[in-house]
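S.K.: just to be clear, the model below is a prediction. Sequence and coordinates:
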Amino acid sequence: MKPRAGTGSVTKSVTKKLYIKTYGCQMNVYDSERMADVLAPLGYGLSDNPDDADLVILNTCHIREKAAEKVYSDLGRLKPHQQRKAEDGGRMIIAVAGCVAQAEGDEIMARAPQVDMVFGPQTYHRLPEMISKTKRAVGEKVLDTDFPPEDKFDHLPEERVRKGEVTAFLTIQEGCDKFCTFCVVPYTRGAEYSRPAATVLQEAKRLVADGVREITLLGQNVNAYHGDGPDGREWGLGRLCRALAEIDGLARIRYTTSHPRDVDDDLIAAHGEIEKLMPYLHLPVQSGSDRILEAMNRKHTAAEYRHIVDRLRSARPDLALTSDFIVGYPGESDQDFADTLKLVTDIGYAGAFFFKYSERPGTPAASMREQVDDAVKSERLSTLQQLLDSQQEGFNASMVNRTLPVLLEKPGRHADQLVGRSPYLQPVHLDIPDSRHAAMIGTVIDCTITGLTGHSLFAVPVRDGQAGSDSTNSSNTVDSSNSGSPTPDSADRGQERISA
Ligand code: SAM
Ligand code: SF4
């Protein structure tokens, strides 16, 4: 995934090409954009391909299987580009960033001599120093995998506005103290850290002043947020959302990814009270079996998860849910898997990410004896996928003939077409003459959904001539309890399934 090119003022004109390849989640997308912000004053402008780049950054993710192998094969592909650039008298600096860098820094340095810099997710504010160090002499390598994230946020430049973008990510929390037995995040991103609320509010106001209408708050465990409030108290996510909702011009608030354990009373109440908080929640459960949940160290039962969902739905009846699931965790029996299917059937999801369990070196589950056979994992994954797909299709189909508020984002692929997003992140296509686009992009209008193809909805404005009007506070007319199901917050914000 490519970071979006920024257009905010930079202190130096573009003289060098920067290519960033982003792997993984929204948090990495956000980090890549911030790296581009850090580098813009040095004259680096984003490029779409690595061919002739002066600096290539692979911003890696360690969550997926064979993550490191993918990075090494990308590094192999970069080698000829680097050599060609050197033959032409130039220099291509190659950097590996992100979670694979954090976990395997020394090994990358040893295995891939073409790499000049390796840095973790918490140190990219120091990129200018790293670059000047590595430029001083060919062969000078930089390895920077320190941890404290507060340092990073204190030193990052202001986020630059991305031209025409009406949606933005804003990282409010990083790291994780939960130590689920299958997961590398606590080892690669470090301990939980929440940014002060005043800083978050300031950044949000600046984004809104620059035309952003929807902000997605990011964190590995975003609802574990406990930032210092401007009133001297600690603020949870519910309190933060209330303050954000007061920003004039901000139409929509989302957050991801949440942990069921951190859904507190105030956050549930916030879902009932804040119209701007979208009724679409990614709440991973991983498994429906208490035995497996305990082995995973998730620290909640299936019944507790159901209870949280019930309370959220009571507070916000139009809420749709998405989740993450892992099949084939060590020791998962047929009965455990049946419990997962039962939970999915009972809850009804609008979408989901689902994965075959795969070992992450250094995590407790990797050394467990009862690893599940891969053929069994594949079969379970396919069964779960069929169920979740049918729920997602049902959810999407249930939108037809309903009225939904749609945030208009950009021109469609065809002439005289605008594309927006429903509250459930479904792309919504509208036939609107090109001449009205400029006035309409960034507004929220009520639309009647007339049909769907795949995951995309088609719609007509409820009131013709709504161009420029803003029905941000329009009532939500989708009923909730979704017998079908919503969609996942995928990295590119579409309705997508990822299986591994
Ligand atoms: N913090 C979030 C939570 O606790 O739900 C999850 C964040 S994790 C970056 C995203 C998802 O990757 C997890 O919810 C899990 O489903 C999946 N995942 C993580 N480690 C995995 C592993 N070893 N094998 C398979 N899937 C894994
Ligand atoms: Fe990983 Fe999420 Fe568990 Fe933290 S809570 S260890 S990020 S799965």
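M.R.: Alright, I've got the coordinates. Just so you know, these numbers come straight off a predicted model, no measurement behind them. Ligands and ions are numbered 1, 2, ... in the order given.
S.K.: tell me where the model's unsure across the stretch 401-500 of the chain.
M.R.: Counting by pLDDT under 70, the stretch 401-500 of the chain has low-confidence residues at 464-500.
S.K.: let's go with 90 and repeat that
M.R.: 454-455, 463-500 (pLDDT under 90).
S.K.: please enumerate the strands of it.
M.R.: Ranges of strands within the stretch 401-500 of the chain are 403-411, 417-421, 427-431, 444-453, 456-461, based on DSSP state E, counting those that start in this stretch.
S.K.: what does this protein have sitting close to ligand 2?
M.R.: Cys176, Lys178, Phe179, Cys180, Cys183, Val185, Pro186, Gln220, Asn221, His259 (CB under 6 Å from any ligand atom). Heads up, the C-betas are built off the backbone N, CA and C, glycines and all.
S.K.: can you confirm His62 is in a strand?
M.R.: No - His62 is assigned coil when assessed by DSSP: H, G, I helix; E, B strand; the rest coil, not a strand.
S.K.: quick one, phi/psi of it?
M.R.: phi -100, psi 0 (degrees, to the nearest 10).
S.K.: out of everything not next to it in sequence, what's closest to it?
M.R.: Cys99 (3.8 Å; CB to CB, 6 or more residues apart in numbering).
S.K.: am I right that that neighbour falls within a helix?
M.R.: Yes - counting by three-state DSSP, Cys99 is found in a helix.
S.K.: Provide a list of residues in contact with it.
M.R.: Residues in contact with Cys99 (CB atoms under 8 Å, 6 or more residues apart in numbering) are Gly24, Thr60, Cys61, His62, Ile63, Ala67, Gly120, Pro121, Val184, Val185, Thr188, Arg189.
S.K.: now render the residues of the chain next to ligand 2 as TSV, adding secondary structure and pLDDT.
M.R.: As requested, the residues of the chain next to ligand 2 are exported to TSV (DSSP: H, G, I helix; E, B strand; the rest coil; pLDDT from 0 to 100):
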residue	secondary structure	pLDDT
Cys176	coil	93
Lys178	coil	93
Phe179	coil	95
Cys180	coil	96
Cys183	coil	93
Val185	helix	89
Pro186	helix	90
Gln220	coil	92
Asn221	coil	94
His259	coil	97
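S.K.: so which of those is the closest to Gly164?
M.R.: Among the residues of the chain next to ligand 2, Gln220 lies closest to Gly164 (CB to CB), at 29.2 Å.
S.K.: all helices in the stretch 351-500 of the chain, in order from the N-terminus.
M.R.: In the stretch 351-500 of the chain, the segments counted as helices under DSSP state H, counting those that start in this stretch are 374-397, 437-440.
S.K.: switch those helices over to JSON lines; also include mean neighbour count.
M.R.: Listed next are these as JSON lines, based on neighbours: other CB atoms under 10 Å:
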{"stretch": "helix 374-397", "mean neighbour count": "17"}
{"stretch": "helix 437-440", "mean neighbour count": "16"}
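S.K.: and those, which one averages the lowest pLDDT?
M.R.: Least confident of these, judged by mean pLDDT, is helix 437-440 with a mean of 93.
S.K.: near ligand 1, which residues of the stretch 151-300 of the chain?
M.R.: Counting by CB under 6 Å from any ligand atom, the stretch 151-300 of the chain sits next to ligand 1 at Phe182, Cys183, Val185, Gln220, Asn221, Thr257, His259, Pro284, Gln286.
S.K.: next SSE downstream of the helix or strand bottoming out on mean pLDDT in the chain?
M.R.: Between all helices and strands in the chain, the lowest mean by mean pLDDT, DSSP states H and E belongs to helix 149-155, at a mean of 72. With elements assigned by DSSP states H and E, the helix or strand that comes after helix 149-155 is strand 167-171.
S.K.: name the helices or strands packed onto that following strand?
M.R.: Packing partners of strand 167-171 (3 or more CB pairs under 8 Å, 6 or more residues apart in numbering; DSSP states H and E): helix 26-39, helix 197-209, strand 214-218.
S.K.: for Ile94, the count of nearby residues, please.
M.R.: Using other CB atoms under 10 Å, Ile94 is surrounded by 24 other residues.
S.K.: just confirm it is within a helix.
M.R.: No - applying three-state DSSP, one finds Ile94 to be strand, outside a helix.
S.K.: in the sheet, who's paired with it?
M.R.: Val56 (DSSP bridges).
S.K.: hang on, it packs against Asp116?
M.R.: Yes - between Ile94 and Asp116 there is a contact under CB atoms under 8 Å: 5.6 Å.
S.K.: so how far is Ile432 from His414?
M.R.: Separation of His414 from Ile432 (CB to CB, to the nearest Å) stands at 11 Å.
S.K.: looking at these two, which is more packed in?
M.R.: Ile432 (25 against 9).
S.K.: list the contacts for the more buried one?
M.R.: Ile432 neighbours (CB under 8 Å, 6+ apart): Asp416, Gln417, Leu418, Met440, Pro461, Ala467.
S.K.: residues from the protein in reach of ligand 1?
M.R.: 25, 63, 182-183, 185, 220-221, 257, 259, 284, 286, 324, 326, 355, 357-358, 360.
S.K.: show me where the stretch 251-400 of the chain dips below the pLDDT cut-off.
M.R.: Along the stretch 251-400 of the chain, segments meeting pLDDT under 90 span 360-362, 367-369.
S.K.: could you rerun that using 50?
M.R.: Nowhere does the stretch 251-400 of the chain drop to pLDDT under 50.
S.K.: for it, just list every one of the strands.
M.R.: For the stretch 251-400 of the chain, strands defined by DSSP E, counting those that start in this stretch occupy the ranges 252-256, 280-282, 320-327, 351-356.
S.K.: and the second one, what does it pack onto?
M.R.: When contacts are defined as 3+ CB pairs under 8 Å, 6+ apart, strand 280-282 sits against strand 320-327.
S.K.: then the third one?
M.R.: For strand 320-327, the helices and strands in contact under the criterion 3+ CB pairs under 8 Å, 6+ apart are strand 280-282, helix 334-347, strand 351-356, helix 374-397.
S.K.: now the ones you listed as JSON lines including distance to Ile292?
M.R.: Converted to JSON lines, these look like this (distance: least, CB to CB, whole Å):
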{"stretch": "strand 280-282", "distance to Ile292": "20"}
{"stretch": "helix 334-347", "distance to Ile292": "5"}
{"stretch": "strand 351-356", "distance to Ile292": "14"}
{"stretch": "helix 374-397", "distance to Ile292": "12"}
